[in-house]
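> need a structure here:
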Amino acid sequence: MATAETVDLGPPHAPKEESLKAFGEVEHELQKELLHKKHTYLKHEPEYFAAVQHLSDAELTSFTSSDLEQVRVGMSAYGLHLFGKVRIPAVSDSGPAYIHVRLFIGGDGHDEPGVAKLHSIHTEDLEESDGNHKYRAIFTKDDPLEWFDT
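Model (predicted):
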């Protein structure tokens, strides 16, 4: 299994043609999964999506490949791991306005080599010093794009 310890992610950079192509392959699935997460978390932990709660579903998922602003890429024995920072155009980028996504593109030995798959949309559960939790799925422009599993 690929982990932050076993895959060396390259530095953050603007997406290149290959990253935009991969994003385009999963864009519809990403939008569908984002709405599923939003509606699920609204039932149990609405803080995850509090920053965009005022948006309609259509506004929340109005992003396209042109809104993929930053990527980090790493290789493993299994294939390519692509992490991306996607801007939600309906929200001002002066605050939380980004989702972090993880894609996987299988290598030669994979079932579907070269095909991009959505791995996950980042959700964060931080335990604060007082024991309370801070939940979020929407990030700011300044939040670093780092390895995540969820």
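> How many neighbouring residues does residue 57 have?
12 (other C-beta atoms under 10 Å). Yep, even glycine has a C-beta here, placed from its N, CA and C like the rest.
> I'd like to know how far the residue lying closest to it once chain neighbours are set aside sits from residue 51.
Using C-beta to C-beta, 6 or more residues apart in numbering and skipping residues adjacent in sequence, the residue nearest residue 57 is residue 35, 5.4 Å away. As for residue 35, its distance to residue 51 is 16 Å (criterion: C-beta to C-beta, to the nearest Å).
> the more surrounded of the two?
Ranked by neighbour count (other C-beta under 10 Å), residue 35 and residue 51 place residue 51 first, with 19 against 14.
> just for this structure, where's the confidence low?
The model of the chain has pLDDT under 70 over residues 109-110.
> Can you get me a residue count around the residue nearest to residue 144 when sequence neighbours are not counted?
Leaving aside its chain neighbours, residue 144 sits nearest to residue 12 (7.5 Å; criterion: C-beta to C-beta, 6+ apart). Around residue 12 there are 15 other residues, counting by other C-beta under 10 Å.
> Tell me the helices and strands packed up against the longest helix seen in the chain.
Criterion DSSP state H: the longest helix present in the chain is helix 17-44. Contacts defined by 3 or more C-beta pairs under 8 Å, 6 or more residues apart in numbering; DSSP states H and E place helix 17-44 against helix 57-60, strand 68-75, strand 79-87, strand 98-106, strand 116-121.
> orientation of the fourth one relative to helix 17-44 in degrees?
In this case it means strand 98-106. With axes from the mean of the first three to the mean of the last three C-alpha atoms, to 10 degrees defining the directions, strand 98-106 sits at 120 degrees from helix 17-44.
> If you count contacts, what does strand 98-106 end up packed against?
helix 17-44, strand 79-87, strand 116-121.
> Need those in TSV (columns: distance to residue 72).
Below are those laid out as TSV (distance: least, C-beta to C-beta, whole Å):
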stretch	distance to residue 72
helix 17-44	10
strand 79-87	5
strand 116-121	13
